[in-house]
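A.B. asks: Test case, fold it:
(one chain, ligands or ions: 1)
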Amino acid sequence: MKILVATEKPFTLFAIKQIRQVTDAAGYELELLENYKGESELISAVSDADAMIVRSDKVTPAILDAAKKLKIVVRAGAGYDNLDLKACTAHNVVAMNTPGQNSNAVAELVFSMMLYQARDGFAGKSGSELRGRTIGIHAFGNVGKYVAEIATGFGMDIYAFDPFVSEVEMKKHGVKVCKTAEELYSKCQYVSLHLPANDKTNKSIGYDLLKLMPKDSVLVNTARKEVIDEEGLMKVFAERPDIRYLSDVEPDCKPVFEKMYKDRFIFTAKKMGAQTEEANVNAGVAAARQIVDFFETGNIKFKVNK
Ligand code: 3PG
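C.D. replies: Just a heads-up that it's a prediction; the model follows:
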């Protein structure tokens, strides 16, 4: 059995060592394709793989066509918008994710960005504090829960909105529940996004919500750039010089921000949310275990395609 780890943004060496322990114990072969530069490299590497582990790497119909032996692909991470699920199903490939495994890393990045912005990039000027500020958590999944936990430690006033999570569940985490997204954006100086990217959420955060935010507000996006309606964001930025945007990956409209809104944004060049040793180990090992379990017992608990 051959497992290909195809990561344009590689796991740490220690994480690979831990993944290898799982595959060695099962008697499987592990092959690495790291830092690859284009789809063609992945297409040739996947031809004899029985299973594949990826991160944000795109799994396209062309890759699946070339993967003649592939039975399972595991996205070592939460969001699986990079997997073409219909094509996986059409090729009889089981697609899985590893929910929750890198959530704390993403939540910690939210606060790193907020603190860096609140202290003006540590450049010497007086900044502001998080204690007592309102924070709104938009979508209360695994990451949202960690954000609530950390925000509690910072003494923030915490709100959350998620139509798919019960009020009882949200209250267990000490957050005040908003009935609508509008209520969340109106009440919170910080709004942290934790929605998946899909047909329903793409471009769902735009002018109508952002214009509701109180004075001196900050939108924090460690989810996906696709959930933002960038035209609406630009419109709010033009009207409201007090609003700031912190995003884990550069938006398409970055050149406009650089030209017109210097000092009002932080963008990471590469997605950094899950870039910790711990998250790499947790998600990578979970992916390897899920693959072994799938071949040995048929377990499809984390399957995401139909
Ligand atoms: C996720 O959905 O789990 C995160 O966005 C992590 O993405 P990455 O594996 O590309 O860092």
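
A.B. asks: what does this protein put close to the ligand?
C.D. replies: Neighbours of the ligand within the chain, by Cβ under 6 Å from any ligand atom: 9, 55-56, 77-79, 102, 271, 273-274. All C-beta spots, glycine's among them, are computed from the backbone N, C-alpha and C.

A.B. asks: Mind checking which of those residues are buried?
C.D. replies: By neighbour count, with 16 or more other Cβ atoms under 10 Å, those hold 55-56, 77-79, 102, 271, 273-274 as buried.

A.B. asks: With secondary structure as added columns, please give those residues in JSON lines.
C.D. replies: Output for these, formatted as JSON lines (DSSP: H, G, I helix; E, B strand; the rest coil):
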{"residue": "R55", "secondary structure": "coil"}
{"residue": "S56", "secondary structure": "coil"}
{"residue": "G77", "secondary structure": "coil"}
{"residue": "A78", "secondary structure": "coil"}
{"residue": "G79", "secondary structure": "coil"}
{"residue": "N102", "secondary structure": "coil"}
{"residue": "K271", "secondary structure": "coil"}
{"residue": "G273", "secondary structure": "coil"}
{"residue": "A274", "secondary structure": "coil"}
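
A.B. asks: Is it possible to get JSON lines of the residues you listed that adds distance to A95?
C.D. replies: Formatted as JSON lines, these follow (distance: Cβ to Cβ, whole Å):
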{"residue": "R55", "distance to A95": "14"}
{"residue": "S56", "distance to A95": "14"}
{"residue": "G77", "distance to A95": "13"}
{"residue": "A78", "distance to A95": "13"}
{"residue": "G79", "distance to A95": "12"}
{"residue": "N102", "distance to A95": "18"}
{"residue": "K271", "distance to A95": "20"}
{"residue": "G273", "distance to A95": "21"}
{"residue": "A274", "distance to A95": "18"}
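
A.B. asks: mind giving me a markdown table with the residues of the chain next to the ligand and columns for pLDDT?
C.D. replies: As requested, those are exported to a markdown table (pLDDT from 0 to 100):
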| residue | pLDDT |
| --- | --- |
| K9 | 97 |
| R55 | 98 |
| S56 | 98 |
| G77 | 98 |
| A78 | 98 |
| G79 | 97 |
| N102 | 98 |
| K271 | 96 |
| G273 | 98 |
| A274 | 98 |
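
A.B. asks: From start to finish, how long is stretch 226-244 in a straight line?
C.D. replies: 18 Å (Cα to Cα, to the nearest Å).

A.B. asks: Double-check I243 against V218; I have them as touching.
C.D. replies: Yes - here I243 reaches V218: they are 7.5 Å apart, a contact under Cβ atoms under 8 Å.

A.B. asks: hang on, the earlier thing: can you name the two of the residues of the chain next to the ligand that sit furthest apart?
C.D. replies: Largest separation among the residues of the chain next to the ligand by Cβ to Cβ: K9 and A78, giving 15.1 Å.

A.B. asks: Neighbour count: I243 and V218, which is higher?
C.D. replies: More crowded of I243 and V218, by other Cβ atoms under 10 Å: V218, with 24 against 21.

A.B. asks: which residues does the more buried one bridge with?
C.D. replies: Counting by DSSP bridges, V218 is bridged to Y190, R244.

A.B. asks: One more: V54?
C.D. replies: Bridge pairing for V54 (DSSP bridges) gives the partners A6, R75.

A.B. asks: quick one: it from H91, how far?
C.D. replies: 15 Å (Cβ to Cβ, to the nearest Å).

A.B. asks: How about P241?
C.D. replies: P241 is 50 Å from H91, by Cβ to Cβ.

A.B. asks: All the helices of the stretch 101-250 of the chain, residue numbers only.
C.D. replies: Along the stretch 101-250 of the chain, counting by DSSP state H, counting those that start in this stretch, helices occupy 103-118, 142-153, 167-172, 181-187, 207-210, 230-239.

A.B. asks: Output those helices in TSV, with mean pLDDT appended to each entry.
C.D. replies: Formatted as TSV, the helices of the stretch 101-250 of the chain follow (pLDDT from 0 to 100):
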stretch	mean pLDDT
helix 103-118	98
helix 142-153	98
helix 167-172	97
helix 181-187	98
helix 207-210	98
helix 230-239	98
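
A.B. asks: tell me the contacts of V93?
C.D. replies: If you count contacts by Cβ atoms under 8 Å, 6 or more residues apart in numbering, V93 has them with 64, 67, 70-73, 305.

A.B. asks: Next step: the residues you listed restricted to strands.
C.D. replies: 72-73 (DSSP state E).

A.B. asks: which two in the contacts of V93 are spaced the farthest apart?
C.D. replies: Largest separation among these by Cβ to Cβ: A67 and N305, giving 14.6 Å.
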